[in-house]
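**Q** Prediction below, plus the sequence it came from.
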Amino acid sequence: MHEKYTTEGFVVGSRASREADKILRVYTRDFGMVSGVLMGVRNIRSKLKGFTDTGLQVEVTLVKGKNAWRITDMQALPPFRLSTENLPSFLRLLSLLSKLVQGEEKNEDLFESLSFAFQFLSKRKLSSDSLGSLELIGALRILDSLGYGHEAPKNISIKGNITDADLLKTAENRPEITRSINQALSESQLMHKI
């Protein structure tokens, strides 16, 4: 009998596998980036069909097999899904995360950074400038959580809840923050500048 693990996560991506399965990449609180097989999810009657979209906040139940994880259950965590206006900003943060994090390794700071960005986006309708500022804050926090960060420019908070004041400070210091992010990305040698 295999042990089951239940943890919170964000769906980072998915791809079809075999006739009716999908392989999901989920960034989890307890295991970091996990790839797991979700069997039969592409069948019309699958109860888990609605949980495979990139950017969703979920509770996922995993079983460790001999060679891979298997996802046995998923549940929505409120607010579950972002608005169509705010979702692209969160997807860009997940894309950055996906390029920088390849394997399983728990990183509580990184998970909290994603959670704070998701929660902030779920509660507000933001202008395109504010969305851009939030993405910069999210990128700073992701890089810092992975050890690629530099001192946050102009007292931008890289821990805790994101505030409207953080968005204003980020907008005022956009060139400096962008340089800091690009320097960290360059030092990571994992991807190109933004």
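**A** Looks like it arrived, so ask away.
**Q** Name whatever forms a beta bridge with the closest residue to F51 other than its chain neighbours.
**A** Of all residues not flanking F51 in the chain, M74 sits nearest, at 4.1 Å (C-beta to C-beta, 6 or more residues apart in numbering). Where C-beta positions appear, they are placed from N, C-alpha and C, glycine not excepted. Beta bridges link M74 to V60 when assigned by DSSP bridges.
**Q** For M74, give me its contacts.
**A** By C-beta atoms under 8 Å, 6 or more residues apart in numbering, M74 lies in contact with 38, 48, 51, 58-61.
**Q** Of the residues you listed, grab the buried ones for ChimeraX.
**A** Here is the ChimeraX selection string for the buried members of the contacts of M74, based on 16 or more other C-beta atoms under 10 Å:
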select :38,48,51,58,59,60
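**Q** Widest-spaced pair of the contacts of M74?
**A** Farthest pair in these (C-beta to C-beta) is L38 and E59. Separation: 14.0 Å.
**Q** Quick check: closest non-adjacent residue to F31.
**A** E104 (5.2 Å).
**Q** meant to ask about E8
**A** E8's closest residue in space is R29 (C-beta to C-beta, 6+ apart), at 4.7 Å.
**Q** pLDDT value on the one you found, please?
**A** Looking at R29, its pLDDT reads 97.
**Q** Neighbours of it, how many?
**A** 19 (other C-beta atoms under 10 Å).
**Q** residues contacting it?
**A** Applying C-beta under 8 Å, 6+ apart, the residues near R29 are 7-9, 106, 108, 111.
**Q** just to revisit the earlier point, which one of the contacts of M74 is nearest to S95?
**A** V58 (18.2 Å).
**Q** Next up, the contacts around the closest one.
**A** 8-11, 26, 51, 74-77, 80.
**Q** Kindly recompute the last result at 10 Å.
**A** Contacts for V58 (C-beta atoms under 10 Å, 6 or more residues apart in numbering) come out as 7-11, 24, 26, 28, 48, 51-52, 71, 73-77, 80.
**Q** Could you find the closest non-adjacent residue to it?
**A** V58 sits nearest to M74 (C-beta to C-beta, 6+ apart), 5.0 Å away.
**Q** ok, K64 - contacts?
**A** Counting by C-beta under 10 Å, 6+ apart, K64 has contacts 2-5, 31, 34, 36, 70.
**Q** So which of these are in helices?
**A** Judged by DSSP state H, helices contain none of these.
**Q** Walk me through the domains of the protein.
**A** 4-76, 87-188 (automatic domain parsing).
**Q** What is the burial count for E85?
**A** 13.
**Q** Am I right that it is in a helix?
**A** No. Looking at E85 with DSSP: H, G, I helix; E, B strand; the rest coil, it is coil, so not inside a helix.
**Q** Pull the contacting residues for it.
**A** 121, 125-128, 131.
**Q** neighbour-wise, which of these leads?
**A** L121 (24 neighbours).
**Q** What is the three-state secondary structure of that one?
**A** Going by three-state DSSP: L121 is helix.
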